[in-house]
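Chemist: Sequence and predicted structure below; questions after.
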Amino acid sequence: AGGGPSALVVFAVLPGGKILDDVERKETVQRIMAGFQHSIKLYLNPLFRVSRVVCVDKLPRTASNKVMRRVLRDQLVSGNVRALADSSAK
């Protein structure tokens, strides 16, 4: 059965909380995706593909400052990606 995740999604926090218009966001996402894809090809498995880049204000973190991947995954699956910026550690 399952051999791992079905999609590689990158969550990116833009420096300084910069607000982008639609054109800037699209260009930024394309640059991020290309950079990650290049690194994956060089250092991991070239068959892995970044399927999506999601820009968020901040990543949800635990009290010990670890990224809460479960929260990111749940928000992505529910289609409520916008809420990621407002999520707080539980």
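Modeler: Structure received.

Chemist: need the helices for the protein, in chain order.
Modeler: 22-43, 69-78 (DSSP state H).

Chemist: center of this structure, which residue is that?
Modeler: Against the mean C-alpha coordinate of the chain, by C-alpha atoms, centre = their mean, the closest residue is residue 11 at 1.3 Å.

Chemist: Please name the bridge partners of that residue.
Modeler: residue 54 (DSSP bridges).

Chemist: And the pLDDT for it?
Modeler: We have a pLDDT of 90 for residue 11.

Chemist: Tell me where this protein is predicted with low confidence.
Modeler: 1-5, 17-18, 81-90 (pLDDT under 70).

Chemist: 50 instead?
Modeler: Scanning the chain for pLDDT under 50 picks out 1, 83-90.

Chemist: hang on, the earlier thing: assess the claim that the residue nearest to the centre of the chain and residue 72 are in contact.
Modeler: Yes - here residue 11 reaches residue 72: they are 5.7 Å apart, a contact under C-beta atoms under 8 Å. Every residue, glycine included, has its C-beta placed from N, CA and C.

Chemist: With mean neighbour count as added columns, please give the helices of the chain in TSV.
Modeler: Below are the helices of the chain laid out as TSV (neighbours: other C-beta atoms under 10 Å):
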stretch	mean neighbour count
helix 22-43	13
helix 69-78	14
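
Chemist: Throw those helices into a markdown table and include distance to residue 53, thanks.
Modeler: Below are the helices of the chain laid out as a markdown table (distance: least, C-beta to C-beta, whole Å):
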| stretch | distance to residue 53 |
| --- | --- |
| helix 22-43 | 5 |
| helix 69-78 | 12 |
